[in-house]
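>>> Fold the following and give me the result.
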Amino acid sequence: MNTSTALPRCTWCGADPLYQHYHDTEWGVPQRDPRMLWEMLMLEGFQAGLSWITILRKREGFRLAFDGFDPAKVARYDEAKIQALVADPGIVRARAKIVATIAGAQIYNTMMAAGEDFADYCWAFSDGKVLRGDGVHFATSTPLSEAISKDLKKRGFKFVGPTIVYAWMQAIGMVDDHAVHCFRRLQPAR
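Below is the predicted model:
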């Protein structure tokens with residue numbers, strides 16, 4: 001991780017090198033890979049009630065525990081695997097969130113098998129475009145995150161309320177919410 005504390009950044013990432021690296025290289029960068037979009041949605045669900053830095057610090061543990069967030073593998077987890085995950089200190093050990101991730105993998109696989117690409121599904125909500133905040137006012141949910149949340153819930157996803165969905169939209173670059181003073185705001189979308 002090569003980050004510089006001298007760069008003007010969004011204030012939420014503070015001085016933590018891991019947060020700065022995430023901010024500088026990933027947050028707000030448009031993500032178009034369907035599996036990665038699903039992984040980020042699941043991680044945002046695990047973040048509910050916690051801080052994002054907690055999830056970042058455990059992200060490699062999550063990836064190890066959930067077989068690299070391979071939806072085909074996660075969808076087949078049984079009760080023994082759930083018990084092992086509940087006992088794994090490398091992740092957030094919330095049974096309901098673990099079960100929701102398994103169900104999320106099954107939903108993802110069903111969508112993909114039916115020819116509904118998860119990336120196309122996600123990006124259709126913004127017509128494939130990156131939405132840009134004004135860099136001054138920051139929402140925790142929007143009418144769009146409410147609509148996406150409603151649709152995800154209708155499909156059976158859990159831990160996808162409007163606030164979680166909005167954080168996911170920011171993380172995957174569907175919304176560019178870098179602050180007006182942030183060096184990343186001045187960079188073109190990748």
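>>> Do you have the helices of this structure handy? List them.
All helices of the chain, identified by DSSP state H, fall at 17-25, 34-47, 52-65, 71-74, 79-86, 95-113, 118-124, 143-155, 162-171.
>>> Let me know which of these is the nearest to residue 136.
Among the helices of the chain, the nearest to residue 136 by Cβ to Cβ is helix 162-171 (15.2 Å). Where you see a C-beta, it was placed from the backbone N, CA and C, and this is true even at glycine.
>>> list the helices and strands that closest one packs on?
Helix 162-171 is packed against helix 34-47, helix 143-155, with contacts defined by 3 or more Cβ pairs under 8 Å, 6 or more residues apart in numbering; DSSP states H and E.
>>> And the contacts of that helix?
Residues outside helix 162-171 that contact it (Cβ atoms under 8 Å, 6 or more residues apart in numbering): 26-28, 31, 40-41, 44-45, 47-48, 52, 131, 139-142, 144-146, 148-149, 152, 175, 177.
>>> what comes up buried for it?
For helix 162-171, the neighbour count (16 or more other Cβ atoms under 10 Å) marks 162, 163, 164, 165, 166, 167, 168, 169, 170, 171 as buried.
>>> Same check on stretch 34-47?
Buried-residue list, stretch 34-47, by 16+ other Cβ under 10 Å: 34-35, 37-47.
>>> contacting residues around that stretch?
With Cβ under 8 Å, 6+ apart as the test, stretch 34-47 has contacts from 31, 54-55, 59, 62, 66, 69-71, 91-92, 94, 97, 100-101, 104-105, 108, 112, 117-119, 122, 152, 157-160, 164-165, 167-168, 171-172.
>>> Just tell me which of the helices and strands packed on helix 162-171 ends up closest to residue 84.
helix 34-47 (16.4 Å).
>>> returning to that earlier point: with the buried residues of helix 162-171 in mind, which one is nearest to residue 135?
Nearest to residue 135 among the buried residues of helix 162-171, with distances taken as Cβ to Cβ, is residue 170, at 12.6 Å.
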